[in-house]
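> take a look and give me a structure for this.
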Amino acid sequence: MRKIFELRPEGKHPDRVLEAVKHEIRKYMKRERRRDLPEGAHFWDFDCRFGADKDSAQAVHPAELIGALDALVKEGAAQCYVELLAKPGVRQVREPGAEAAAADDAEPDEA
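Okay, here's the model as predicted:
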């Protein structure tokens, strides 16, 4: 999905428009995740770009997309550009001792 969303259309409440944009983004991601995976893939991943317009769009993690949208609306932007491209993802294999080593390296909580 490559789309420019108008955030302040004439005759519509901005909060309702914002909720509609968020709903469309979530609906697209959910629909793409339902597609059949190609051989060897474990999940659907997304390449995301977000910005006020196409030229200023920057790469964003999919989990941060809604937060970036909220921040742009707080700045008073009239439109936003969202680019979501689905790609097959493969899980990375963890080493058996990686979790234990990470827990040992973490500082203990102060009581």
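> what comes up buried for the longest helix anywhere in the chain?
In the chain, assigned by DSSP state H, the helix with the most residues is helix 14-34. Across helix 14-34, burial judged by 16 or more other C-beta atoms under 10 Å covers Val17, Leu18, Val21, Ile25, Tyr28, Met29, Glu32. (C-beta placed from N, C-alpha, C; glycine too.)
> which residues touch the residue nearest to Gly51 when sequence neighbours are not counted?
Nearest non-adjacent residue to Gly51, counting by C-beta to C-beta, 6 or more residues apart in numbering: Ala57, 3.4 Å away. Residues in contact with Ala57 (C-beta atoms under 8 Å, 6 or more residues apart in numbering) are Arg49, Phe50, Gly51, Tyr81, Glu83.
> quick one: which two of these are the most distant?
Gly51 and Glu83 (9.0 Å; C-beta to C-beta).
> how about the helices of the chain, start to end?
Using DSSP H, helices in the chain cover 14-34, 65-74, 98-105.
> closest to Gly89 out of the ones you listed?
Using C-beta to C-beta, the helices of the chain put helix 14-34 closest to Gly89, at 10.8 Å.
> mind giving me the packing neighbours of the closest one?
For helix 14-34, the packing partners by 3 or more C-beta pairs under 8 Å, 6 or more residues apart in numbering; DSSP states H and E come out as strand 2-6, strand 43-51, helix 65-74, strand 79-89.
> centroid residue for the protein?
Pro62 (2.0 Å; C-alpha atoms, centre = their mean).
> in the sheet, who's paired with the nearest residue to that residue once chain neighbours are set aside?
Of all residues not flanking Pro62 in the chain, Phe46 sits nearest, at 4.6 Å (C-beta to C-beta, 6+ apart). Residues in a beta bridge with Phe46, per DSSP bridges, are Ala86.
> count of neighbours near Phe46?
By other C-beta atoms under 10 Å, the residues close to Phe46 number 20.
> picking that back up, ok, of the contacts of Ala57, which come out buried?
By 16+ other C-beta under 10 Å, the contacts of Ala57 give Arg49, Phe50, Gly51, Tyr81, Glu83 as buried.
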